[in-house]
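Asks: build me a model:
(2 chains)
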Amino acid sequence: MVHGLDANSAAQLNAGLARIRERFISSLSDRIDSFYELLSDLQDDTRWAESCAELRANAHKLHGICGSVGFAAIGENAARLEQKIDSLGPDLHRNNIDDVRSLLNCLLDEMEQNLDAA
Amino acid sequence: MKILAVDDDELIRELLLATLEAHGYTDVTLAESGEDALRKISAAGTPFDAFMIDIQMPGMDGIELVRLVRDMSRYRETPVVMITAMNQKDYIDRAFLAGATDYVTKPFDTTELITRIRLADKLQSETRRASAALAGPHHEKHKPAYGEPVAIEEIKGYVSNGVLQNYVMIMKDQKQLAIGAFAIRVPELERVHAGSSSEEFAYVVTDVAEVISDTLVGTQAFVSYIGAGVFLCVGPKRMLPEAETVQDHLFTMLNDSDLVYCEDVATNFSAQVGAVSSPKLLERRDDLRFLERAVSNLHSIQRHHPLGRPSGLAGHLASHAA
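Replies: Got it, this is the predicted structure:
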């Protein structure tokens, strides 16, 4: 029962949320592939900064949606990655992205575990 | 209520749609970017009654979109609920300064989301009633009482009372820093109210609000007029200025006729500045009694100095550290 809703509306909302959750699960595999590409680009002398910005944008999106569709742990990992990149700010350069790489690996582990379990 | 929800994430848009529709808000338009939102606003036959806008989007971000929306005369007062995963105070302040009226964070708690939309619905209804009353042919006959708030627009850092309360609840929710509130009373506004039209009174209150806002520049405080000559100021406690400093600045600025001018009632202005009040540790998020305490702090000043500006400020005019 969803707070403040009659049975029909609650059922309608739960069905809608279930559909969104299914679509999120279907998107997980592509999201993982995309993160692996970015992980690889972090090694690239010419593309690492651009990859970091894209990584932050993807992590931000993931952070926004995950908790709402029942994948809070992925969301928390994504938030940590986003915050790490934000905290580096103007100090971001190639030598200090080890933490970024490490947090990205944690996020990927979490995503893969959830994909396997889904 | 006709709602425009703007978010670059398709799943978030669907989530908003599903949640709003299930709660009876069936007239929902979705936009995937700031640019798309502007197109949909231009194309809308009937205006939107509320906006839900994500802050961080590629291209035009949500804060820029709010500014553009507020520049449209029909949307000056329309509720705007910001939606974002970023809960840093800086983002919240920027959103409110741009004209947001409320804020929800992702991931969504559907109950919380709907509470914010219902508050937006209520705010919109109140605004409509106030506009209808002002637009009516006999609105001078129904001059708002002195104790009622006055609508003030386009002053940096100024927000309506409802928006100020939303801001306070968000700040309490985030628990990011200690907030404080203090009240300022300009007692001569009572004479201005008695001797002038409602339009002239609104002009003078607006001038006073602007002076208060200028006095608080750099403190990250928001100001609201709550009626009866009283302005409520809320901001990070450690940044709020000393009461004596505020009072001295106000006394000078309020009596500069280039800054505050009343055509109908000749008067000098004074200001009473109360001690800061802060939320107590165990008070709930929606417990706003500390705002009432801030206003109550003015009473002790009135008891001691019923005629306005006191000569010796140190004693009972407690410093903001009180």
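Asks: which SS class is B:Lys126?
Replies: Careful, residue B:126 is Glu and not Lys. helix (DSSP: H, G, I helix; E, B strand; the rest coil).
Asks: burial of the closest residue to it other than its chain neighbours, as a residue count?
Replies: In space, and not counting its chain neighbours, B:Glu126 is closest to B:Gly162: 7.4 Å by CB to CB, 6 or more residues apart in numbering or on different chains. C-betas here are computed from N, CA, C, even on glycine. Residues near B:Gly162, counting by other CB atoms under 10 Å in any protein chain shown, number 19.
Asks: these two touch, right, B:Gly162 and B:Asp121?
Replies: No. B:Gly162 lies out of contact with B:Asp121 (CB atoms under 8 Å); the separation is 11.9 Å.
Asks: circling back to that earlier point, give me the element the residue nearest to B:Glu126 is part of.
Replies: Secondary structure assigned from DSSP states H and E places B:Gly162 in helix B:161-174.
Asks: buried ones in that helix, by neighbour count?
Replies: B:Gly162, B:Val163, B:Leu164, B:Gln165, B:Asn166, B:Tyr167, B:Val168, B:Met169, B:Ile170, B:Met171, B:Lys172, B:Gln174 (16 or more other CB atoms under 10 Å in any protein chain shown).
Asks: next: stretch B:95-114.
Replies: B:95-108, B:110, B:113-114.
Asks: sitting in helices, which of those do you find?
Replies: B:Ala95, B:Phe96, B:Leu97, B:Ala98, B:Thr110, B:Leu113, B:Ile114 (DSSP state H).
Asks: quick one: contacts for the first one?
Replies: Right, the one you point to is B:Ala95. Going by CB atoms under 8 Å, 6 or more residues apart in numbering or on different chains, B:Ala95 touches B:Ile55, B:Gly62, B:Ile63, B:Val66, B:Met82, B:Tyr103.
Asks: one more time with 6 Å
Replies: B:Ile63, B:Met82 (CB atoms under 6 Å, 6 or more residues apart in numbering or on different chains).
Asks: how close does it get to B:Val80?
Replies: Distance, B:Ala95 to B:Val80, by CB to CB, to the nearest Å: 8 Å.
Asks: also the last one?
Replies: The gap separating B:Ile114 from B:Val80 is 17 Å, by CB to CB.
Asks: if you count neighbours, what's buried in the least confident helix or strand in chain B by mean pLDDT?
Replies: Here the helix or strand of chain B ranked lowest by mean pLDDT, DSSP states H and E is helix B:110-135, holding a mean of 78. Neighbour counts over helix B:110-135 (16+ other CB under 10 Å) mark B:Thr110, B:Leu113, B:Ile114, B:Arg116, B:Ile117, B:Leu119, B:Ala120, B:Asp121, B:Leu123, B:Gln124, B:Thr127 as buried.
Asks: remind me what that helix packs against, helices and strands.
Replies: Judged by 3 or more CB pairs under 6 Å, 6 or more residues apart in numbering or on different chains; DSSP states H and E, helix B:110-135 is in contact with strand B:102-105.
Asks: ok, the strand it packs on near chain A or not?
Replies: No. Strand B:102-105 does not reach chain A (CB under 6 Å from any CB of the partner chain); its nearest approach is 9.2 Å.
Asks: which bits of chain A sit near chain B?
Replies: Contact residues (CB under 6 Å from any CB) of chain A with chain B: A:3, A:9, A:12-13, A:16, A:20, A:24, A:61, A:63-65, A:67-68.
Asks: so for chain A, the centremost residue is which one?
Replies: A:Leu62 (3.3 Å; CA atoms, centre = their mean).
Asks: for chain A, what's its nearest residue on the stretch 201-322 of chain B.
Replies: Relative to chain A, the nearest point of the stretch 201-322 of chain B is B:Asp286 (16.0 Å; CB to the nearest CB).
Asks: could you look up the SS state of that residue?
Replies: At B:Asp286 the chain is in coil, as set by three-state DSSP.
Asks: ok, now B:Asp264?
Replies: Judged by three-state DSSP, the three-state class of B:Asp264 is coil.
Asks: number of nearby residues for it?
Replies: 14.
Asks: ok, and the closest non-adjacent residue to it?
Replies: In space, B:Asp264 is closest to B:Ser196, 3.7 Å off (CB to CB, 6+ apart).
Asks: so what's B:Val69 up against?
Replies: B:Tyr75.
Asks: measure A:Gln12 to B:Thr219 for me?
Replies: Per CB to CB, A:Gln12 is found 47 Å from B:Thr219.
Asks: quick one on the thing from earlier: farthest pair within the buried residues of helix B:161-174?
Replies: Between any two of the buried residues of helix B:161-174, the greatest separation by CB to CB is 19.2 Å, found for B:Gly162 and B:Gln174.
Asks: tell me how far the helix or strand that the helix holding B:Gly162 is followed by lies from the chain's centre.
Replies: Per DSSP H and E, helix B:161-174 leads on to strand B:179-185 as the next helix or strand towards the C-terminus. Offset of strand B:179-185 from its chain centre (CA atoms, centre = their mean, to the nearest Å): 13 Å.
Asks: what do you get for stretch B:119-127?
Replies: Distance of stretch B:119-127 from the chain centroid (CA atoms, centre = their mean) equals 14 Å.
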